[in-house]
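*Asks:* Take this sequence and fold it.
(one chain, ligands or ions: 1)
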Amino acid sequence: MLPTGIISSGCVSKLHLSSEVKPVRFGAEAGYESGVAPPTQATRSPVPPLKLTVVVAVALIDTDNRILLAQRPEGKQLAGLWEFPGGKLEPGERPEETLIRELREELGITVKEPCLAPLTFASHAYETFHLLMPLYICRRWEGFVQPLEGQALKWVKAQELRSYPMPPADEPLIPFLVDLLV
Ligand SMILES: Nc1nc2c([nH]c(=O)n2[C@@H]2O[C@H](COP(=O)(O)OP(=O)(O)OP(=O)(O)O)[C@@H](O)[C@H]2O)c(=O)[nH]1
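*Replies:* Numbering: from 1, shown residues only. Okay, the predicted model is just below:
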């Protein structure tokens, strides 16, 4: 659980951490930098690894402590399931930039980076890709939430999340929100 001070103060600048944090690299480069040897023929798995897809998601929380869920539209993979707003990390983007962009495109709201606090993440093997999905929380934004992509939206209490069918990757995230909000 996040310290209450962080939640109740709303938006916390993370800039004071920046001097200690090195840029994160994804992919092969990351291993070489940390001194980990690349896999050899002997250590490499015989099954080719699934492509890693990073999707950044957020639990938007309103003043009644309800969380926003969006329903995946017809015609998409996992259509009809309820998920957290967000989307795929594009090349060159930081996760926070992805979320800010997706929230503007999908919901028409403006979120400032210090208002995004990391909560937990999902790591789930789908059939064709491995999903790595950081989940942020956000209590403060500008504008009104609108379904700009025709998606159904619902504000849901944490203890009611299980009544909404969600993608399998999302189920392990629910207890973190219940701990935080109930
Ligand atoms: N935004 C979001 N995506 C999720 C969640 N859980 C989960 O498994 N995903 C999966 O993450 C993947 C990427 O999300 P996306 O929003 O960019 O996907 P999409 O199908 O619209 O992609 P597209 O832009 O290629 O059409 C999808 O396969 C989606 O099912 C979640 O809570 N939020």
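*Asks:* Using the three-state scheme, assign the residue most central in space within the chain.
*Replies:* Centroid-nearest residue in the chain: residue 57, 2.4 Å away (criterion: C-alpha atoms, centre = their mean). Of the three states, residue 57 takes strand under DSSP: H, G, I helix; E, B strand; the rest coil.
*Asks:* Now do the nearest residue to it once chain neighbours are set aside, the pLDDT please.
*Replies:* Leaving aside its chain neighbours, residue 57 sits nearest to residue 86 (3.4 Å; criterion: C-beta to C-beta, 6 or more residues apart in numbering). Using the backbone N, CA and C atoms, a C-beta is placed for each residue, glycine as well. For residue 86, the model assigns a pLDDT of 98.
*Asks:* circling back to that earlier point, for the residue nearest to the centre of the chain, list each beta-bridge partner.
*Replies:* Beta bridges link residue 57 to residue 86, residue 135, judged by DSSP bridges.
*Asks:* Start at 890, not 1
*Replies:* Fine by me, first position is 890 from now on; the one you just mentioned is residue 946.
*Asks:* What separation do you get for it and residue 938?
*Replies:* Between residue 946 and residue 938 the computed distance is 23 Å (C-beta to C-beta, to the nearest Å).
*Asks:* can you check residue 1057 too?
*Replies:* Counting by C-beta to C-beta - residue 1057 and residue 938 are separated by 19 Å.
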